[in-house]
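Peer 1: 3D, please:
(one chain, ligands or ions: 1)
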Amino acid sequence: MCGIVGYIGTKRAVPILLDGLKKLEYRGYDSAGISTLENNSLSCIKEKGRVDQLKNLVDNENLNGTIGIAHTRWATHGKPNKINSHPHFDNSKRFSVVHNGIIENYTDIKKFLMDNGYQFLSETDTEVIPNLINYYYEINHDFLKAVSLACNDLIGSYAIEVICSNFSNKMIIAKKDSPLVIGIADDGYYIASDIPAILSYTKNFYILEDNEIAELTLNEIKFYKNNLELVHKELETITWDASAIEKNGYDDFMLKEIYEQVTSIRETIGCKLNKSLIELDNIQFTKDFLSNINKIFIVACGTAMHAGLAVKSIFEKLCYIPVEVDMASEFRYRNPLVDNKTLAIFISQSGETADTIQALKLAKSKGATTLAISNVIGSSITREADIYIYTHAGPEIAVASTKAYTAQVVLLNIIALYCAQILETISLDEIELLKKEILSLPTKIELALKDISMVQNIAKKIYNAKDIFFLGRGIDYPVAMEGSLKLKEISYIHSEAYAGGELKHGPIALIEKDFPVIGILTDEKLLEKSISNIQEVISRGAKTIIVTNQELKKDFDYVIKIPNIHPYFSPILSVIPLQLLAYYISKEKGLDVDKPRNLAKSVTVE
Ligand code: G6P
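Peer 2: I've put the predicted structure just below:
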């Protein structure tokens with residue numbers, strides 16, 4: 001999805017902007033652009049395609065300004081081409097603007113501006129912003145006031161950077177429902193939509209809140225509300241290591257992130273299980289509060305929703321509270337039965353997914369207690385929720401989520417156990433046993449990652465398949481769904497996940513000779529049932545690949561063994577071979593694993 005970088009300081013802006021855009025490539029984009037300000041003159045270079053192409057164009061120009069804004073665009077309004085890419089200008093070429101988000105009332109604003117003599121070059125919603133700012137500037141000749149008046153007219157979401165040829169030492173930025181951070185360094189201010197873009201320059205950040213504006217000059221930063229009332233902000237320090245966003249010798253970020261699961265799970269567990277009673281940073285539920293809760297909703301999108309599905313039954317077993325897992329995009333439009341007896345948990349790696357944020361706002365407005373789980377410090381979702389807690393997976397760069405998913409599953413399990421401890425629905429002995437199992441996860445993940453030759457071999461055999469099925473029962477079903485999603489995302493192979501028992505109600509009609517079927521078999525109690533389902537596809541010629549921690553007597557084409565663990569936590573281990581399989585199939589097909597087509601890391605539009 002779109003990315004923003006900006007710089008105002010004493011250094012040449014162009015290399016900083018290009019470096020930031022490169023770091024934002026993982027978000028997914030189709031065009032890129034840059035605008036700098038030098039001696040009251042604005043320049044702009046933009047093009048459809050990759051940041052490297054933009055760099056070639058920029059290298060031919062002599063852009064020496066120390067103030068600049070930059071953008072990677074992921075087309076929403078209008079096709080990906082040069083005209084639609086950012087930065088955009090007003091008619092008089094006085095203001096240059098980059099924008100993340102969607103202006104929902106842009107057709108009304110466009111009509112208003114056209115009635116006032118303005119003309120538009122692009123098909124974008126963004127182009128109304130510089131023109132609207134210019135409209136107000138013509139009236140009051142005040143840069144800050146013009147931006148604030150324009151922002152007041154905008155409906156929708158925006159994070160914007162604005163520079164103006166009349167002010168050679170100024171940048172104004174503003175945001176609503178789309179993130180923007182300002183990093184502070186000795187040489188100036190670094191602005192970005194995502195911290196990784198500028199993490200190599202500073203670890204100290206101001207995080208802009210919704211409906212706030214920042215006015216930056218070379219040596220000063222002032223924060224305002226949209227009505228221009230001054231705001232005081234505290235500087236926040238991020239602990240992420242800049243090297244965490246480099247590949248560190250791995251071919252791709254995705255592979256690096258798969259291997260990082262040993263550490264990311266260890267960090268997510270942190271000190272939570274060290275004492276006899278589980279303690280969570282930020283969450284302090286009482287028995288009265290939890291006893292009053294009669295329903296838990298877990299709401300998220302994509303992989304994060306699969307994390308919710310992987311813990312639904314455990315939450316129910318441990319806490320005796322019904323749990324419903326919902327896609328944020330469905331939840332927000334279906335008038336869900338939520339009230340003040342609902343605990344609504346929202347999971348989002350980025351913390352910026354538009355549907356998840358809106359679903360959270362809805363649940364909150366209906367009286368639910370909202371708990372956000374995010375991987376990004378200060379992300380929008382954590383600011384909206386009543387309570388938040390972080391997974392500590394570190395920055396996830398590959399579009400296909402791996403380490404964030406397992407961190408979410410682990411954290412949700414710990415939260416379920418914590419609630420059961422308070423509700424006293426399970427014995428202390430049981431809690432001790434489950435804690436030990438969770439603490440054994442990093443070592444077992446290491447084991448699961450030790451010999452991956454079988455997975456590589458299977459990838460070589462099946463990468464040409466047109467369709468692949470994933471089967472699982474009980475706790476293995478959500479893992480089948482996640483394995484199937486990973487495969488689709490990065491290999492473009494059509495795949496479906498089915499609960500084993502559903503197979504005979506339709507999908508089995510598709511099975512023919514050599515059709516790859518991947519079965520996940522980790523629950524001893526369901527083993528015989530699952531094996532029968534696999535038997536059904538074997539009889540119809542399927543090629544079977546089994547991921548299991550059980551001793552199997554039957555013959556399958558391939559069996560990938562994973563370490564044994566309490567059934568509650570098997571999704572954290574059984575997903576690992578599926579992540580690797582998707583990865584190696586994608587490599588066999590020669591695809592761009594980290595940046596799959598049409599996908600974005602952070603989906604900030606509905
Ligand atoms: C996008 C990503 C997925 C991710 C989903 C939810 O579709 O490509 O990998 O699972 O968004 O993202 P979130 O940041 O809310 O977890």
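Peer 1: where along the stretch 1-150 of the chain do the strands fall?
Peer 2: 3-9, 31-38, 41-48, 67-73, 88-89, 95-100 (DSSP state E, counting those that start in this stretch).
Peer 1: as CSV, these with mean pLDDT and distance to the ligand would be great.
Peer 2: For glycine as for every other residue, the C-beta is placed from the backbone atoms N, C-alpha and C. Formatted as CSV, the strands of the stretch 1-150 of the chain follow (pLDDT from 0 to 100; distance: least, CB to the nearest ligand atom, whole Å):
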stretch, mean pLDDT, distance to the ligand
strand 3-9, 96, 14
strand 31-38, 96, 19
strand 41-48, 95, 22
strand 67-73, 96, 16
strand 88-89, 98, 26
strand 95-100, 96, 15
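Peer 1: may I see those strands organised as a markdown table, with mean neighbour count added?
Peer 2: Formatted as a markdown table, the strands of the stretch 1-150 of the chain follow (neighbours: other CB atoms under 10 Å):
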| stretch | mean neighbour count |
| --- | --- |
| strand 3-9 | 29 |
| strand 31-38 | 26 |
| strand 41-48 | 18 |
| strand 67-73 | 29 |
| strand 88-89 | 24 |
| strand 95-100 | 30 |
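Peer 1: could these go into CSV alongside distance to residue 562?
Peer 2: CSV is the format used below for the strands of the stretch 1-150 of the chain (distance: least, CB to CB, whole Å):
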stretch, distance to residue 562
strand 3-9, 37
strand 31-38, 41
strand 41-48, 44
strand 67-73, 38
strand 88-89, 51
strand 95-100, 40
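Peer 1: might you enumerate the residues of the protein proximal to the ligand?
Peer 2: Contact residues, the chain versus the ligand (CB under 6 Å from any ligand atom): 301-304, 348-350, 353, 356, 399-401, 599, 601-603.
Peer 1: swap the cut-off to 8 Å and go again
Peer 2: Counting by CB under 8 Å from any ligand atom, the chain comes close to the ligand at 28, 300-305, 328, 347-353, 356, 374-375, 381, 399-401, 404-405, 408, 489, 599-603.
Peer 1: ok, for the spatially most central residue of the chain, nearest residue in space, not its chain neighbours?
Peer 2: The centre of the chain sits closest to residue 350, judged by CA atoms, centre = their mean, with a distance of 3.5 Å. Residue nearest to residue 350 in three dimensions, not counting chain neighbours: residue 602, with 4.1 Å by CB to CB, 6 or more residues apart in numbering.
Peer 1: for burial, what's the neighbour tally of that neighbour?
Peer 2: 27 (other CB atoms under 10 Å).
Peer 1: cool, and residue 288?
Peer 2: By other CB under 10 Å, the residues close to residue 288 number 8.
Peer 1: before we move on, what about residue 502?
Peer 2: Residue 502 has 15 neighbouring residues, counting by other CB under 10 Å.
Peer 1: in the stretch 151-300 of the chain, which residue sits nearest the ligand?
Peer 2: The ligand sits closest to residue 300 of the stretch 151-300 of the chain, with a gap of 6.2 Å, by CB to the nearest ligand atom.
Peer 1: surely that residue touches residue 349?
Peer 2: No. Under the criterion of CB atoms under 8 Å, residue 300 is not in contact with residue 349, lying 9.2 Å apart.
Peer 1: parallel or antiparallel, list what pairs with the helix or strand bottoming out on mean pLDDT in the chain.
Peer 2: Averaged element by element with mean pLDDT, DSSP states H and E, the chain has its least confident helix or strand at strand 236-237 (a mean of 88). Strand pairing for strand 236-237, determined by DSSP bridges: strand 204-207 (antiparallel).
Peer 1: fine, thanks again, bye for now.
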